[in-house]
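Colleague: Need a 3D model of the following:
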Amino acid sequence: MSIYLDFNASALVRPEVQDVMARALADNGNPSAVHAAGRRARARVETARAQVGELVGADPTAVVFSSGGTESNAQALASALAAGCKRVIVSATEHPCVAEAALASGAPVEVLPVDGRGLIDLAWLAEALARPGRAVVAIHHANNESGVIQPIEQAAALVRAAGGWLHVDAIQSAGKVPVDIRALDADSLTLSAHKLGGPQGVGALVLKEGLAGVRIIHGAGQERGLRAGTENVPGIVGFGTAADCAARDLAEVQSHAAWRDGAEARVRAAGATIVGGGAPRLPNTLFMAVEGWDSPQQLITLDLAGVMVSAGSACSSGKVKPSRAMSAMGLDRLATGGVRISGGWSTVEADWTGFTDAWLAAWQKHQARVSERVKEVA
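Modeller: Here you go, the predicted model:
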């Protein structure tokens, strides 16, 4: 048995993407060149730009390609600060690349708290925006761990009234729920190809019409002067195709919620806590935790059973770091025991059932071992 349920980390690359990238690699040319191969490469890049813009309701000219979501998030914050923002407000459950970029910016940083469900505190935000100094507010559309969807439109109304800049990291939400930069009323929005079934190492910054960005990588004038360096044509082509496929499959992704909910009911009955369970969530995501059984142990056990999922916390050098989302939600006692299960374009119901069966069997064995150790000590 081999089950892949780690799409929130990296989606499996779609066959359509593999095909179009292979063709782009076979007909390589520099998109800045004026000869025939260069013109063909340029056409591929601009087609992909339109496809990515279409996914989020943006004009193609608003799309700036990059090396990935991390770079684009940094560029978004830099652009807001260059536009006159004096301080940064970052949600407590934001991805580390946004939180770290904010701290590295040199501007004062404030942390927007969340409640026990993982939803931002809108009253706190309103009070913070009323303080002196124009602010850039960074709120992810959906949390990468819990899948909790934030009330972006309500936050946007507050930011707009205060004359601020709203940056929305839509890397996890795009392709799973509708994302439209105009409907969200965001000033900037970021995407990453590998969350959509595209290649790793390609992302995009999408700017609101009329807003100017600043470049953080200097050199020649690629990407309308906003991102120097020869474009990764095969990667960008794959990104565009993945965006096109994601838009096509958007309605089908909603059906995954029923499979997720079935698994959720079974693990909850066995004693698991569902992180963000009381809030709107992405249909493909389940974030769960149990006390006393750390993430690495769970992941290894599941991997041996042929099930690939991920931890809600980052692990390095054998040490478990608490989940950022769970700590912000007041779940410190569970913060080293999170497991994230996330499906995608190739997932079927049997994958969710297989995960649940494997986890329940492993959990039962773990509890039995703990009971034996307690008896030995007694």
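Colleague: Tally up the residues packed near the residue lying closest to A142 once chain neighbours are set aside, please.
Modeller: In space, and not counting its chain neighbours, A142 is closest to S173: 4.0 Å by Cβ to Cβ, 6 or more residues apart in numbering. No exception for glycine: its C-beta is placed from N, CA and C like everyone else's. Taking other Cβ atoms under 10 Å as the neighbour definition, S173 ends up with a count of 26.
Colleague: Tell me, how many residues neighbour A361?
Modeller: Other residues lying near A361 total 12 when counted by other Cβ under 10 Å.
Colleague: Count residues in the vicinity of the closest residue to it other than its chain neighbours, would you?
Modeller: Nearest non-adjacent residue to A361, counting by Cβ to Cβ, 6+ apart: A305, 7.8 Å away. Neighbours of A305 under the rule other Cβ under 10 Å: 16.
Colleague: can you pull out the helices in the stretch 1-150 of the chain?
Modeller: Using DSSP state H, counting those that start in this stretch, the helices of the stretch 1-150 of the chain run over 15-26, 36-55, 69-82, 96-104, 122-129.
Colleague: Do I have it right that the residue nearest to A361 meets L360?
Modeller: No: the criterion here is Cβ atoms under 8 Å, and A305 misses it with L360 at 11.1 Å.
Colleague: still on that earlier bit, the residue nearest to A361 and A76: what is the separation?
Modeller: A305 sits 40 Å away from A76, taking Cβ to Cβ, to the nearest Å as the criterion.
Colleague: for A325, same thing?
Modeller: 21 Å.
Colleague: For the lengthiest helix in the chain, what is the distance to the chain centroid?
Modeller: If each helix of the chain is counted by residues according to DSSP state H, the longest one is helix 349-377. Distance of helix 349-377 from the chain centroid (Cα atoms, centre = their mean, to the nearest Å) equals 30 Å.
Colleague: Ok, stretch 363-378 next?
Modeller: Mean C-alpha position of stretch 363-378 versus that of the full chain (Cα atoms, centre = their mean) differs by 38 Å.
Colleague: List the buried residues for it?
Modeller: Of the residues in stretch 363-378, those buried under the neighbour-count criterion (16 or more other Cβ atoms under 10 Å) are 363, 366.
Colleague: and what of stretch 332-344?
Modeller: Of all the residues in stretch 332-344, those buried under the rule 16+ other Cβ under 10 Å are 334-344.
Colleague: Among those, which ones are in helices?
Modeller: Secondary structure assignment (DSSP H) places none of the buried residues of stretch 332-344 within helices.
Colleague: between these, which is closest to V34?
Modeller: The shortest approach to V34 among those belongs to G344, at 39.8 Å (Cβ to Cβ).
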